[in-house]
Structures are given as C-alpha cells and as structure tokens.
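Asker: this is the structure alone, sequence omitted:
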C-alpha cells in the first residue's frame, strides 16, 4: 500500500510539473542544465563515496566484471557526466518548432507544432551515468522524467539525483520534473506501469528479461531499446578491399555495443576469395568464428554455427558467418534472424543496393558503410537517449526531436464547416 | 485451443504477406483497389442480403436506433464504399518516400525512408463500411490488416470481405494481406493482442469499454481513437459575431461526431453580451444547455452543469457552458476536463492566441475556426483511418503517412568508424 501510494504521488506530481516545464523558455532550461553540471562536479567526492558503497556490495555479491565496470564511477566518468549535461545545453531546442505548414483552399493555415510528450518513465539497469544523461535529454525536450535504476546502483543514483535536483532549486523550474524511485521492491515498477493517466511513455533499457517484463505488464506505451543482431552482407559485386575494412570495423572496433556486427553474410561467388583474408585478421584480433557448412568448407576447422547462433547478440569477439546464394537469401536471413537494428550491404551493384535498402526491415539500412555509425552523435542529432528497435513513433537513434510529439495548430479567421 | 491456433495462423500469414506487400508497385496496389471497388458494386445485392440478416437479428435484440442506423447498408452506402476505394487509389503513395536527407562531414548521406508499419489489427464495432475503408488505407500504405468487427455486423462484414479478397485474387498481391476474424468468441481478440511477434499495431475504434479492454490487455502497441470532449473558448477580445458563428457551427452542424463542441467556455467580460444571443439560436436548433452558476445568472432557468458534465462527450444536441475568469482558467479547464482532441479559442488578442496555442495539450488547437475541421479530408490528407487521441506516433487525423513508419537509409562509400 505504501509503495503504491508513493508511486502514484510521484507520478501525479510529475504530470503537474510537466505542464509547467513544457512552457519554460529555452534559456532557463539551459541554465538549469549548466547548474546541474556544476553541481555534479562540485559534489564529485560525495558521488564517488556513495558509488563505493554500491561497488562494495556488488563485490560481495560477486557481480560479473563487465557489469561491475559499468557500475564503477571515477573522476573521469564524473567529468563526462558534467560535459554531457553542458553539451545538451548547447543543442537547439525543438519544443515549439512548427513544421509542415500548409494553407487550405478555405484559408485555414494548418501546421504541426513540436511539443513534449509529457511524462517519461525510464527503467534501466546498472549504469549510474544513465541517470544524468536521461535527465538532461528529458529536461531539454520539456518532459518530466521518472527514473527507476537498478537497485545495485541505488546509492550512486541517489547521490547523482540529489545534485541534479539541487540545481533545479535555483531555477524557476519545478523540482518535480525529475523524480527517482528509490524503492528496491519490484512492485514499484509494476505500479508505475499501470499509471497511464499520468505517465505517457515508458522506455526500458536493459536486458531481454527486463524488456519482456515491462512490455507484458505496461498499460503505458513502451518504446523498447532492445538488442542489436547486426549483419554485414558482402555481395558478389563488392569492392573486396572495402568489404574487408567494413567487416573488420563492424566486428572488432568495439564488439560490446549494440551496433557491432554479429553475423557476416557472404555471397557464394566471392566467399572463397574474401573469407580467408578476413578470417586471418579477425583471428589476429582474437575473434572466435562460427560458420555454416559452406563457410567450413572454406575456413577449415572452424566451429559450426547452430540455429541459435543466428539469433544471438554476442556483444563479444565472436562472429557467426554464413555463405548465401545471393542478395535475396541475405535479405531473407536478415529479416528472419535479425533484430531490426542495423544491417549493411557492401556492393558496387546498383540493383542489389536498392533491393537491400527497400527490402531489409531494419531501423538502419546501410550501403557501403560500417553498422557502427548507428548512433545519435554520428547521425548528427547531437545526443541520443538510446536506439529504438520498435517500429512506432521513433526508430533507430532517438534524440531530442524523438522525445517530442506534435500537435496540429490551425489558424483561421472565422472559418466554419458547411 | 481452436481459436488460439486460428488467430495465430492468421497473424503468421499476415506477417509473411506484409513482406511482399511492402514492395508491391504503386500501380498494382491501385489496380487492386479499383478491382475491389468494382467487386463491391457488382455484388451489391449479395451484400445487402447479408446485411438484412444482421439487421433482422439486431431488431430482435432491440438494438438502439442510432446503432441500427450505423449497421444498416443501402445502395447509396455501398456506392460510397466503392467511391472511397477509388479515391484512395488516386492518392499519392507514401511508401518509399525519402525525407530529411542530410550529408555528414564524413560523406555519409543519411535519410529516412517511409516504410509500412507491417501488420495492423483493427478492432471495431457495428459499422460495416469500416471494413472496406480500413482495407483501402492499409493496402495503399503497404500494411497487412487483420480486421475484427463487431459480431452484430458479422454477416455484412463477411460479405464485404469476400468481395475485397476476391479482387485480390486477380492481382499479384497475396490474399493474406487482408484478413477477417470471424469468431464471435471474445477470446479471439485476447489471443490477437498477445501476438506481438506478428502484429505491429492495434487500433481499437469504438466505445470506452472496448478501448479500455484493448489497452489493458495488449502486448502490442495501441493507438487509441477515443472520445472528443472539444471546447470553444470565447475570449474577452473576441469578434463577437465570429464567435457566434463558430460556436453555433461547432455545436449544431453535426452534433454526433467526435469533433463537435461539448463545452463552451466564455470570458466573464463578454459573457453577458455573448451568451443570450447564442442561447437563443442554440435553443432554436433544439440544444439543451447546462451551465455553471455564472452562466445561470445570465441565462435564467438554465439547467445546472455537474462536475460530470465537464467530462462528458454528449454526441448530441446538449452543451455545457462555463464562464471563466480569463484565458488561463480556460486553458486549465481544457487541460483538466478535455480529452486532448480539438479545442478552439476565438480572439483578436495576439498574446492570448499564442498562449492558447502553446499551452493547450490537445491534438488539434484552433484559433478563430470551428473544431469541426478536425478531419483527414479537411486537413488535406485525402483520407483518414481515424483520429488519434494518443500522444505517440500519430496525433489527430491519421492518413496514409501516419500508417507508415520510417527506416534510416545510410549511403556510404566505404566509411568505417574510428
């Protein structure tokens, strides 16, 4: 009963505050972001002290090293948090922008005005820097945000949150535009997901289990930031040197991120020339390869890929490889096993490039470039809150504009309908 | 078990067919629409015969006259169905349109390509013409559609559906792009709402109960077409003659539709001059008025409006009236009691017009025009599948463009990330 009431009170206050925030001037929002950055830097020692508590508890529970790394803050990461707040202050404000204006024969002028979504709930796992990143983007786009971070980062999140809220108290923006749910009880999330009268959007960021649970239990629209099973398809007509560089970059430049390649598809007509040289460089970089039968005929001694491999996001120096008949089989493979994130074709053949662009059902479809570019900064959006793998509202990198919606504005001079 | 399997089989076939439809040429889609129109006209007698069965059953169950009217087809309505299919064939195809193209410093060309959403499930009530309207818009926008109409219109829907599918058999488009769930068991809808692997979007069109049930049980994203509690606010600085015409038009021109006015808000400084003349004309048109205390002081003998009235969509010749202090109280009232559909201010005051435009949280915000214009045709979209009262993906009238999503296309010449 206590938790239910707490979450409801928080959500109501967020909604109320969002109506104010939606009309705060850009300058005041930017001033708040800069004050937040200052407060983070000023209280770095305090944040690190609280973070130590989380690390100690994590070590006692034998947390995996990769997760422990995500949880750990140091002075460099704190500076990055502050820099990120500053950089969002520099971005253009999209709220109030008017687009697609048209004039109708009856004289009505009809356009779309960009407006905040309202209240956004973000449910995430161990990384404490997500706390400040999400606050920055939601504040700038005029949305109240309700954060629910992983309990393993609770002390760190509370410390960061206090710095951010403290900054707001020196502005005209109501403090309730940012909220942190501190209960460790799972019930808190379940209660939040029922509050469709107050919360407009839920974004779960984390593992498959978290995302599934949120999707199945939410009465609020959800935009998922799900896995990236990304492909590079090397066509028969590829520039073999370009294909080599792109495949290598997509796999090894940063294997632990969602836009890294997990499966390489190679046209049967180029596989015997292409694969041995690539395999040598992949091996040199420490990459484990798992191939189909045709791949194994070329790369002797390679481990067999199972059906399960084609669905897997390794996030590691592991690559599954399949030799395909042609571009059609490549497209079928991607639409069957992929996660609709980012997929690339390398080819000099115009028809195949066009076919790939129109038939691959992914958020980002590339011709002759590495999938690693799927990123708000690389796309020129300035910042991103994540990469949507959903189809509705926003796909791919989500920046400030994707954190808004629109309303139609209709300007008349007395028009009535006859 | 039978129903569960049936719905699953249907959804899988829809998904598969949608991959083909997404790449069908515009000319072939238009040919299919025109063949559908012909088939509807050719089989008019058959459709009317089947519709009679539904009407007979409805009369036996003493269906309300307004619902019975929606259920009833005649040769005029059948011609309208055919004309609507023809008119969608004439609209521009949005699938494949490339927008927002930019070039990045590294030479990458990044744009958004409009693509179909995939499979859309539409759950609706008595009106059989919704069947052909939804098929037309989904087909043209490249989406498979799964229809689940009200059981009271089942014979009519089956007849119309057969005509539409029969037309597809003469084209290269797989028949499975349109499907009709004919089970009368509620379980069919519940099963459909679980199939998030195959269905991309659910649109419930109907009463509050239907929409609530769908929203609470769906694992698939839902766009709601919910009620319209629309307001006209007459500001102190209104052109009183214009305000009179707009208020009258918004209420009485077609009271049974969602964009008709339900509540009139009047600035206290103009109420005594404005209300008596308007009330006379509203009364003449047979409108029942319910007012706040201040209204009652001006319009003697008027019925009192209750708190409940401010939330109510009458869809009838009933109007609630409230006298407000100023534009701020009007905005508060609308954001508190409204349904975020369509709201208008009548004013010659620039500041109040701008404040109303930016602070009213509705899908369509008007200055000096009747709310009755909220409509895909009136907005210049050619057609609409409905009017979204949700905030995500699409707000207000939804046409062909709103039935698509986008994918990023990225054209490179060998770019890798460093």
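Answerer: Sure, I can see it. These numbers were taken from a predicted model, which means no experiment stands behind them.
Asker: quick one, helices of the stretch 251-400 of chain A?
Answerer: Listed in chain order, the helices of the stretch 251-400 of chain A (DSSP state H, counting those that start in this stretch) span residues A:271-284, A:293-298, A:307-310, A:327-337, A:350-359.
Asker: now the shortest one, how far from the centre of its chain.
Answerer: To tie it back to what came earlier, the one meant is helix A:307-310. Relative to its chain's centre, helix A:307-310 lies at 24 Å (C-alpha atoms, centre = their mean, to the nearest Å).
Asker: quick check: mean pLDDT across that helix?
Answerer: Regarding helix A:307-310, the rounded mean pLDDT is 98.
Asker: for it, which outside residues touch it?
Answerer: For helix A:307-310, the surrounding residues in contact (C-beta atoms under 8 Å, 6 or more residues apart in numbering or on different chains) are A:263, A:290, A:320, A:322, A:333, A:336, A:337. Placement of C-beta: from N, CA and C, glycine included.
Asker: ok, the longest helix seen in chain A near chain B or not?
Answerer: If you go by DSSP state H, chain A has its longest helix at helix A:2-21. Yes: legend: contact between helix A:2-21 and chain B by C-beta under 8 Å from any C-beta of the partner chain is shown at residue A:19.
Asker: what residues of that helix count as buried?
Answerer: Going by neighbour count (16 or more other C-beta atoms under 10 Å in any protein chain shown), the buried part of helix A:2-21 is A:3, A:7, A:8, A:10, A:11, A:13, A:14, A:15, A:17, A:18, A:19, A:21.
Asker: excluding chain neighbours, give the residue nearest to the last one in space.
Answerer: I take that to be residue A:21. residue A:177 (4.8 Å; C-beta to C-beta, 6 or more residues apart in numbering or on different chains).
Asker: chain B versus the one you found, what's the distance?
Answerer: 16 Å (C-beta to the nearest C-beta, to the nearest Å).
Asker: would you mind measuring from that residue to residue A:386?
Answerer: Going from residue A:177 to residue A:386 by C-beta to C-beta, to the nearest Å gives 20 Å.
Asker: please apply the same query to residue A:181.
Answerer: From residue A:181 to residue A:386 the distance is 19 Å (C-beta to C-beta).
Asker: for these two, indicate the residue with more neighbours.
Answerer: Each of residue A:181 and residue A:386 has its neighbours counted (other C-beta atoms under 10 Å in any protein chain shown); residue A:386 has more, 26 against 22.
Asker: just give the nearest non-adjacent residue to the residue in the stretch 151-300 of chain A positioned nearest to chain B, would you?
Answerer: Closest residue of the stretch 151-300 of chain A to chain B, C-beta to the nearest C-beta: residue A:249 (3.7 Å). Computed as C-beta to C-beta, 6+ apart, the closest residue to residue A:249 that is not its neighbour in sequence is residue B:416, at 3.7 Å.
Asker: isn't the one you found up against residue A:366?
Answerer: No: counting by C-beta atoms under 8 Å, residue B:416 stays clear of residue A:366, with 11.3 Å between them.
Asker: between the two, which is the more surrounded one?
Answerer: The neighbour comparison of residue B:416 against residue A:366 (other C-beta under 10 Å) goes to residue A:366, with 34 against 18.
Asker: give me the distance between the closest residue to the more buried one other than its chain neighbours and residue B:259.
Answerer: Spatial nearest neighbour of residue A:366, excluding adjacent residues (C-beta to C-beta, 6+ apart): residue A:344 at 3.6 Å. Remark: distance between residue A:344 and residue B:259 (C-beta to C-beta) = 46 Å.
Asker: and the two? Which one has more around it.
Answerer: The neighbour count for residue A:344 versus residue B:259, taken as other C-beta under 10 Å, is higher for residue A:344 (33 against 22).
Asker: show me what that one bridges to in the sheet.
Answerer: Beta bridges link residue A:344 to residue A:232, residue A:366, judged by DSSP bridges.
Asker: so what's it up against?
Answerer: Residue A:344 sits next to A:230-233, A:246, A:250, A:365-371 when contact means C-beta under 8 Å, 6+ apart.
Asker: ok, now with 6 Å
Answerer: Applying C-beta atoms under 6 Å, 6 or more residues apart in numbering or on different chains, we find residue A:344 in contact with A:232, A:366, A:371.
Asker: same question for residue A:86.
Answerer: Residues counted as contacts of residue A:86 (C-beta under 6 Å, 6+ apart) are residue A:37.
Asker: good, we can wrap up now.
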